[in-house]
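A.B. asks: this is the structure alone, sequence omitted:
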């Protein structure tokens, strides 16, 4: 069976990869590495994974494909040797998402170690990029916020239904902030609290703009993106706002039906996109690889509103990474990802 | 001492009024009524108020001023006899907020019983309306969402800094949904969940538009307002987005300073508005009558972003109502409202 | 394939049954009934189950086995006709748990409609009762609290390690209180709150005492059981306290090791019991059919302390019910129950 | 006016002291020190305290009384010079709570620097120790768990109603774990989770046993104390269990009334103790200095159950410290502590 490994299993996406890969019928999770806890059994470090009988290794051994769940910069460094050895890579960090190497110093404070790989790397948003992913040896797994935002906006942008002047207001649970400790994520301060952050520009902004531009290269997008932290562990709800382009769609109830139909067409046959008829709740896709999308029109103002919901650690992280892997290995796309939301 | 009463003390705003008025040094809380629990001691129905030695009455007796914390429609009906008896009224419901009687059937499903009172009623957003409130006998206490949105937008609108095409994205705790039971507010379903609601138009929208228009009657406002419920009990965070009007303010770091200065000027001396230098958290004003306001510019797009935070039951409800009462009775505006946020 | 049905799919255990049975490889979920929403698609009523293509029926049709997720009293009434038709039954309510029919008026306020069935019914705690369950046509699925308490205490009671004077202090998430609306489960009141309840005697007490007595019929048990509600959706943590019986086990570090070993022996081979070496967290078994058990000795006082953790809707409800079904149908016991905890 | 200072204002008890002292009518908060953030304005470090116009100092200056909110060991070291200068001290740490100096290496891993002060120090549980506190120059503020446990048990122990074999099961919010970062207090891991901890013996155990022994020196207490963390910021609910002593109180409904009456008598006139008639919720005293106490009898087993609820940062921390200060300075005991619970 195909052997896969996880670099840095002890973060939230890493442990979620382990959980899902452990039950994958088509691959064998054979190596896990960690920045800490090397030599310990996985179950000692992460009791909820006690049934996975693996020891955390210092080095990746012999695998066919590897997931890197390291932070940016470190990830690129760890992934290069694997690529050279011919191992396929799904990189969860941001290190291969941006096409323009000059964005890295600007947004991530480091010079990219291997800019030529940025060309090769395929942006792993399956629904917009399936054939390229299937052929790729290096896939850049999308950020959690871009996943929700792009899936919400893609049909409208592709069909030129909206003006390219867009507000994206996202609400994320705290697992999106990772496992690194901070006062912001300290329970007593995070609980019973809501706040916006990164108002000067969040790192996921250039990624969103880059991918929107691919959908319609003729347009010049003006995107304001403001993320918020809400007191829950998992889930991202993204609310997108943009004026309807003139003459494309009626600004009334009929327009609403048109837009819903258009979204359903756009995503017809997609196993993990569900265009829903009422505003989605993050809890409706909690624990799944689904993205729920609800498009509507504010008929008073002629604005398109699209709400999307994902589980940030699955469709916005580990699940999407496995969806990419399945494609890269020629496996059924949904393998290991067929869970139903755990509710309530 | 001046005697005041509360109609419908058993809802969230009603009980918060009782808590605050109980320690008010300038008025005596002499009557409380309820739709249920008549004849019971307040502390039996609401154990946290056990120290307030009052029995829930069927009828309002002899008072100088009354707060009505009834739902819409019922509130207007209850308030009319009090007004006729010469009792001053702070109405917490929406029944006297809208100037145009025809809005009531449209948004609240009832014909207003006394449209001529809509003219008399004063919209109780103190910071924008202080003199009229001081002279009023009927004050319409603002809705929780409009309070946060209007205080965020007023300086920019008044100074014509933005185009009148505005997106307001609000995140509210569940106490804003009141004490009436529903699946939406059932703990297991509300917990670990975020959702948008009222996408067809929330009842607070006409109120927001009406008051914005008062700030600049020459403009025609196009406002999209989308409220969201987040898993916490108290607090509203409001994120407002609008393009900067051309030629008014620089779209750079200097513009940011200008806008911050302008906001500080606008609210100079206001005891309950704090223009803050970093994005506010709802927890920073939890349990207080404060509104925290943070204006900034998205320099990449030339968009004004303003974030405001309030405690929806105090500045967005009972606290603002008492602020109005203090003015109407010629008392110091901040009486009973000087609390510091309880954190964490 | 074997056909199974769910009576009352719209409660929390009912919907969890549907979620798990939908992916069961050995049975077909062919009928679901509801007390409300008859005629609606399951996904309209419960959006997270949209992928299950079933309509809520008024009546159970032709099935081989049925789960009743009705409340007590109603459940017995619904189950009797099915039994008469030869359908096997797993009853989730309390209606067949107590052997003594006279307990029903005392604890559940109704006279049991068919006391002779109480003899036939098998108490469905698999780990203590496997052979009888495999042969049963009517299984009474244990209550959520008894599941956690009995699995924590069984080894110690069976081996006569403790005196029969026991304190059981349980902490439950709110889904255990069901989907029926109440102020207690209203988000704003339940959030940021902890309370004890049912101090006069919870309905699960006679069930606990009855099953402890079966483990050692010579002893007379004196059990104090106090449940508490904590602000989370799922999970029960049970803390049990009892004095060590004299002369059985050392009251020191060595005794701790003995007791841990003894518990591991007792549960050796059990697929869903994990005797753990550090105090368990409910989150470590969230979304699974596992029961985590941690026994230790308070060496200062000579008291046994056992902490257990379960997901109240799975091992304490739907999962255990399916485990029972698997046995009754001769299927592999763990079918549809092999999930790993979703963390964090 | 009397000048007071706070050593280490940036922890949770320190900031709560600042909040409460800021509005104290009888003292002036004149100095605050911090281990970090020296030289910064309080409002920069703690935005919710922006209205307190103080800068964090490196050293305590000239004050009449000081609160030390340092962790153990450090606190004793900081407090000694103040005592020598004749400054009265309320120490929030554990450094002066235990009478036997040998307990410090055992429970707190350090040798006490000034054992003779342990004799002088007065244990600051006002309800049991009022006269001594009023005369003290060094008060050891009780731990949060001991406060809840001792106030629950004191009447029963003092009146010899129970056997000295006691189980104390406490449920605490996360602010009790302080502001120091850890995975345990990381939001995503703490949320939707319950766990027991310190099963080998929590540091508050010797304090509880010592103070129970003072209430009845003839008895030898055997106490099992198990703390639990529940997903909320504030509040401790303590459930105490002990067998009724023989022949003292009837094991029936009449006994329940007797015990309730006895508790009410014991705490008659106490401004901050409320003996309640139904099981208390932590939310009912959230933000107050109250302790709610509910005693009852499990008539099936003859066991006394007492449930108490406090706000761990107020009655279990800063509020009780100020209550102590008020007594030490001859001020009205309730000054600055008269708040009503903020609910919901």
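C.D. replies: Ah, there it is. Source: prediction; values computed, not measured. Residues are numbered from 1 along each chain as shown, chains lettered A, B, ... in the order given.

A.B. asks: residue A:17 reaches residue A:67, doesn't it?
C.D. replies: Yes - using CB atoms under 8 Å, residue A:17 is in contact with residue A:67, at 5.4 Å. Glycine gets a C-beta too; all of them are placed from N, C-alpha and C.

A.B. asks: interface residues of the stretch 201-344 of chain A facing chain D?
C.D. replies: A:231-234 (CB under 8 Å from any CB of the partner chain).

A.B. asks: burial measure for residue A:45, as a count.
C.D. replies: By other CB atoms under 10 Å in any protein chain shown, 15 other residues sit near residue A:45.

A.B. asks: tell me the spacing between residue A:3 and chain B.
C.D. replies: Separation of residue A:3 from chain B (CB to the nearest CB, to the nearest Å) stands at 35 Å.

A.B. asks: top of the residues of the stretch 201-344 of chain A next to chain D by neighbour count?
C.D. replies: Of those, with other CB under 10 Å as the count, residue A:234 tops at 31 neighbours.

A.B. asks: that residue should be in a helix, yeah?
C.D. replies: No - under DSSP: H, G, I helix; E, B strand; the rest coil, residue A:234 falls outside any helix and is assigned coil.

A.B. asks: relative to residue D:198, how far out is the residue lying closest to it once chain neighbours are set aside?
C.D. replies: Nearest non-adjacent residue to residue A:234, counting by CB to CB, 6 or more residues apart in numbering or on different chains: residue A:173, 4.8 Å away. Distance from residue A:173 to residue D:198, counting by CB to CB, to the nearest Å: 29 Å.

A.B. asks: of the two, who's got more company?
C.D. replies: Each of residue A:173 and residue D:198 has its neighbours counted (other CB under 10 Å); residue A:173 has more, 30 against 15.

A.B. asks: contacting residues around that one?
C.D. replies: A:229-230, A:232-236, A:282, A:312, B:192, B:194, D:188 (CB atoms under 8 Å, 6 or more residues apart in numbering or on different chains).

A.B. asks: let me see the domain layout of chain A.
C.D. replies: A:2-141+A:317-328, A:145-310 (automatic domain parsing).

A.B. asks: how about those in TSV, adding mean pLDDT and distance to residue B:265?
C.D. replies: Shown next, in TSV, are the domains of chain A (pLDDT from 0 to 100; distance: least, CB to CB, whole Å):
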stretch	mean pLDDT	distance to residue B:265
domain A:2-141+A:317-328	97	34
domain A:145-310	98	21
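
A.B. asks: tabulate the ones you listed (a markdown table), appending distance to residue D:319.
C.D. replies: Shown next, in a markdown table, are these (distance: least, CB to CB, whole Å):
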| stretch | distance to residue D:319 |
| --- | --- |
| domain A:2-141+A:317-328 | 37 |
| domain A:145-310 | 17 |
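
A.B. asks: indicate which one of the ones you listed is closest to residue B:221.
C.D. replies: Nearest of the domains of chain A to residue B:221, taken as CB to CB: domain A:145-310 at 9.3 Å.

A.B. asks: chain center to the closest one: distance?
C.D. replies: Relative to its chain's centre, domain A:145-310 lies at 12 Å (CA atoms, centre = their mean, to the nearest Å).

A.B. asks: how long is it end to end?
C.D. replies: 9 Å (CA to CA, to the nearest Å).

A.B. asks: got it, and stretch A:131-150?
C.D. replies: So stretch A:131-150: terminal residues 18 Å apart, CA to CA.

A.B. asks: now do the contacts for residue A:293.
C.D. replies: Per CB under 8 Å, 6+ apart, neighbours of residue A:293: A:151-152, A:263, A:267, A:273-276, A:280, A:306-308.

A.B. asks: give me the secondary structure label for it.
C.D. replies: Per three-state DSSP, residue A:293 ends up strand.

A.B. asks: quick one: is the longest strand that chain A contains near chain B?
C.D. replies: Identified as the longest strand of chain A according to DSSP state E is strand A:162-172. Yes - applying CB under 8 Å from any CB, one finds strand A:162-172 in contact with chain B at A:165, A:167, A:169, A:171.

A.B. asks: how about the helices in chain A?
C.D. replies: Along chain A, the stretches classed as helices by DSSP state H are A:12-22, A:42-45, A:74-84, A:103-108, A:116-120, A:126-135, A:144-158, A:187-190, A:204-215, A:253-266, A:318-328.

A.B. asks: now the fifth one, how far from the chain's geometric center?
C.D. replies: Distance of helix A:116-120 from the chain centroid (CA atoms, centre = their mean) equals 20 Å.

A.B. asks: what residues does chain A put near chain C?
C.D. replies: A:12, A:15, A:19, A:22-23, A:46-52, A:175, A:191-192, A:233-234, A:274, A:276, A:278, A:280-281, A:283-287, A:338, A:340-344.

A.B. asks: pull out the buried positions in stretch A:20-28.
C.D. replies: A:20-22, A:24, A:27 (16 or more other CB atoms under 10 Å in any protein chain shown).

A.B. asks: closest to residue B:98 among those residues?
C.D. replies: residue A:20 (52.3 Å).

A.B. asks: the closest one against residue A:335, yeah?
C.D. replies: No - using CB under 8 Å, residue A:20 is not in contact with residue A:335, being 9.7 Å away.

A.B. asks: common neighbours of those two, please.
C.D. replies: With CB under 8 Å, 6+ apart, residue A:20 and residue A:335 have common neighbours residue A:322.
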